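Peer 1: What would the 3D arrangement of this be:
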Amino acid sequence: MGLHSVLLLTLLGFFSFCALADNLDKGSTYRLGITLNDLEEVGEPNKKYTAGKNSKFYVLSVDESGNYIIRFDLIHTPNDVRSADRVHHDKSYLLKSPVYNAIPIEAISFKSNTGLSSGPLVVPFKYRLDDKSISGDATVGFYAGVTFEPNCVFDNWCFRITPLISAGISQVSVAEVGGSDTENKTSATWATGLLITDWSNMNIGLIYGQDRIGDKSWKHEGEGWFSFMIGWQL
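Peer 2: This is a model prediction of the structure:
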């Protein structure tokens, strides 16, 4: 099987999580999914300020109208915006919902999670290293990792990196001894890998693992496999 076929099948492997929250949480940190240029400084409603896409803010409080009082940790501003019109780190701003009279602020604010993380891990396809084959032996497991959030490489591209380890079970096809038929058996599976998540909700994952059924005669017993996954968060 050629390399293009391998990539086509392994792209189908994907794990997704993190549904959109109904409201922004007080004390939590978020990034803007779009540029906003109508932010008001608290107590100064007659002037508008701009915060660029991927600017990072935390929620101080929520007012009686359901709008958010925020302060910025990391600021990105388009180059054509004057310095006097840009938001500042030491000021508090009113983030109204909806923005531009149409878009719920919750729909364009993405939670900025760092530190310990965990969740489900599903690997539908595997590229087995011992015989260079593609296998549909699905794995369902649970992962744990640590999420890091580097500074944005560009104003319009930010991402998170999560090194992870995982354990789970797989249904694998095992050839019967002395016959041509196969049977499905359950294997214990461990895996390690890297998940990269950008702020357009795209996930890219590279996973290495091994399957074990407790039978050394199985040709894939303890042998390594890779899975490459691309998908979008729901």
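Peer 1: name the helices or strands packed onto whichever strand or helix holds Val146?
Peer 2: Under the criterion of DSSP states H and E, Val146 resides in strand 139-147. Applying 3 or more C-beta pairs under 8 Å, 6 or more residues apart in numbering; DSSP states H and E, we find strand 139-147 packed against strand 115-123, strand 159-175, strand 182-198. Where you see a C-beta, it was placed from the backbone N, CA and C, and this is true even at glycine.
Peer 1: any chance of those in CSV, plus mean pLDDT and mean neighbour count?
Peer 2: CSV is the format used below for these (pLDDT from 0 to 100; neighbours: other C-beta atoms under 10 Å):
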stretch, mean pLDDT, mean neighbour count
strand 115-123, 85, 16
strand 159-175, 89, 18
strand 182-198, 88, 16
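Peer 1: still on that earlier bit, give me the angle between the strand holding Val146 and strand 159-175.
Peer 2: Orientation check (axes from the mean of the first three to the mean of the last three C-alpha atoms, to 10 degrees): strand 139-147 against strand 159-175 gives 160 degrees.
Peer 1: Quickly list what the residue nearest the centre of the chain is bridged to.
Peer 2: Nearest residue to the geometric centre of the chain (C-alpha atoms, centre = their mean): Thr197, 3.6 Å. Going by DSSP bridges, Thr197 is paired in beta bridges with Arg160, Asn203.
Peer 1: dump the residue contacts of it.
Peer 2: Counting by C-beta atoms under 8 Å, 6 or more residues apart in numbering, Thr197 makes contact with 159-160, 162, 203-204, 233.
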